[in-house]
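Participant: Build me a model from this:
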Amino acid sequence: MTMLMRSWLSILALALSLAALALLPPLLPEAAVPFNLMRLFSIFVLTIGAAVVSLLPLPAFLLAATLFVCAHFSTALLIARLAGNEGMASAAFFMVLAANWLLAWRCVGLLSALKPKSRTADTILRLVIPAIFGAWILILWEAVTRGFGIPFIILPPPSAIGARLAASVPTLWADVQQTVFKAVIFGYVVGCATGFAVAILADRIAFFRRGLLPIANLMSALPIIGVAPIMVMWFGFDWQSKAAVVIIMTFFPMLVNTIAGLGAAGAMERDLMRSYASDYWQTLMKLRLPAAMPFIFNALKINSTLALIGAIVAEFFGTPIVGMGFRISTEIGRMNVDMVWAEIAVAALVGSVFYGVVALGERATTFWHPSNRNG
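Facilitator: Below you'll find the model as predicted:
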């Protein structure tokens, strides 16, 4: 009974595969290029075979490897036939797809339960599990858009977006250089550094802190759509106006978080520093700033995404003929939706890398914090 409870995904996948076998073919009769017998045989052997094997009491890693290979190879054979047959998928097609998805789900479950002994294997496992999960989001996206014949102008499939990405590398690289390497990085560094310096000043001068924080809360609520065109009028159409928007967006989160972090040190620790006759700067450097590091890195992580969003939105209101925001606004007007999605994918990748670099810096700096002790 326990084995059946653990393998309900495999049992359901087997049932769906057999039901799809009874409802053949996977494509409607009007399809331009139907499935041949060899391809159909391979798909069902892989899916049904993987479902049956996963019910056996085999080692978890062997089961996970078998499910991974069979489910993904079967799905690749299934979806490959959709090219030129958009909107021709039948119920059998989606049943086999659902069966392979369930097998992949079981594969991820088996991998998640593994306890690697080596650090390298643990790191690889941490990368593989989200990679499988993300791959299936793209697989289902591809299958649904092509299987139901959704118009490309509404939602292009990932394969079309990938093709556009590969064909537009020079254009996308130029956009990244203009938006990220000029506006985002400069604005991020200046905004965060200024917010940190003003927070130290506000912490040192009490009346300044009491007068500044309410204004900071008010300014942080300013809509970017209202600020961006003003910055363009003040600083021109080039990257400087976008950097100004990024500075405004990153300044206040850093200010508020740093002030909150400087007050995080406990009363006992402060009393101990006073008993050692420490002055303000010694207490700040040796106690209060280390205690504020989790708050500061929290602001840095928030700003890593705000900076990119701010620069892209600012480019909607005036920019040279290059930049990620310029490209999105221009290509959507031309109905080149695949290019817009390619630009979004690049922005997501850049933002993830940026956030990841800050997170690695946080782990190396605040390794003593409870949130990082087991990381």
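
Participant: would you list every one of the helices in the stretch 251-375 of the chain?
Facilitator: 267-275, 280-283, 289-314, 324-333, 337-365, 370-373 (DSSP state H, counting those that start in this stretch).

Participant: Now the weakest link among these, please, by mean pLDDT.
Facilitator: If you rank the helices of the stretch 251-375 of the chain by mean pLDDT, helix 370-373 sits at the bottom with a mean of 63.

Participant: all strands of this protein, in order?
Facilitator: Under the criterion DSSP state E, the chain contains no strands.

Participant: How is it partitioned into domains?
Facilitator: What automatic domain parsing lists as the domains of the chain is 2-150, 166-373.

Participant: just to revisit the earlier point, quick one: closest of the helices of the stretch 251-375 of the chain to Ile247.
Facilitator: Closest to Ile247 of the helices of the stretch 251-375 of the chain, according to CB to CB: helix 289-314, at 9.0 Å. Where you see a C-beta, it was placed from the backbone N, CA and C, and this is true even at glycine.

Participant: Now do the closest one against helix 324-333, angle only.
Facilitator: Put simply, helix 289-314 runs at 40 degrees to helix 324-333, going by axes from the mean of the first three to the mean of the last three CA atoms, to 10 degrees.

Participant: Which other helices and strands does helix 289-314 contact?
Facilitator: In terms of contacts (3 or more CB pairs under 8 Å, 6 or more residues apart in numbering; DSSP states H and E), helix 289-314 is packed against helix 185-204, helix 224-235, helix 239-262, helix 324-333, helix 337-365.

Participant: Mind putting these into CSV with distance to Phe61?
Facilitator: Shown next, in CSV, are these (distance: least, CB to CB, whole Å):
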stretch, distance to Phe61
helix 185-204, 42
helix 224-235, 49
helix 239-262, 43
helix 324-333, 42
helix 337-365, 28
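
Participant: which one of those helices lies closest to Leu306?
Facilitator: helix 239-262 (4.8 Å).

Participant: Return the alpha-carbon coordinates of the closest one using CSV.
Facilitator: In CSV, the C-alpha atoms belonging to helix 239-262 read as follows (Å, rounded to 0.1, in the frame of the first residue of the first chain):
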residue,chain,number,x,y,z
TRP,A,239,21.6,56.8,-20.8
GLN,A,240,22.2,59.6,-18.2
SER,A,241,18.4,60.2,-17.8
LYS,A,242,17.8,56.5,-17.3
ALA,A,243,20.6,56.3,-14.7
ALA,A,244,18.9,59.2,-12.9
VAL,A,245,15.7,57.2,-12.7
VAL,A,246,17.6,54.2,-11.4
ILE,A,247,19.3,56.4,-8.8
ILE,A,248,15.9,57.6,-7.5
MET,A,249,14.5,54.1,-7.4
THR,A,250,17.5,52.6,-5.6
PHE,A,251,18.3,55.4,-3.2
PHE,A,252,15.3,55.1,-0.9
PRO,A,253,15.2,51.3,-0.3
MET,A,254,18.9,51.5,0.6
LEU,A,255,18.2,54.4,3.0
VAL,A,256,15.3,52.9,4.8
ASN,A,257,16.9,49.4,5.1
THR,A,258,20.2,50.8,6.3
ILE,A,259,18.6,52.9,9.0
ALA,A,260,16.5,49.9,10.2
GLY,A,261,19.6,47.7,10.2
LEU,A,262,21.7,50.2,12.2
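
Participant: ok, now which ones touch the closest residue in space to Ala60 that isn't next to it in sequence?
Facilitator: Spatially, and ignoring its direct neighbours in sequence, Ala60 is nearest to Leu110 (4.9 Å; CB to CB, 6 or more residues apart in numbering). Taking CB atoms under 8 Å, 6 or more residues apart in numbering as the contact definition, Leu110 lies against Ala60, Phe61, Leu63, Ala64, Leu67.

Participant: Thanks a lot, catch you later.
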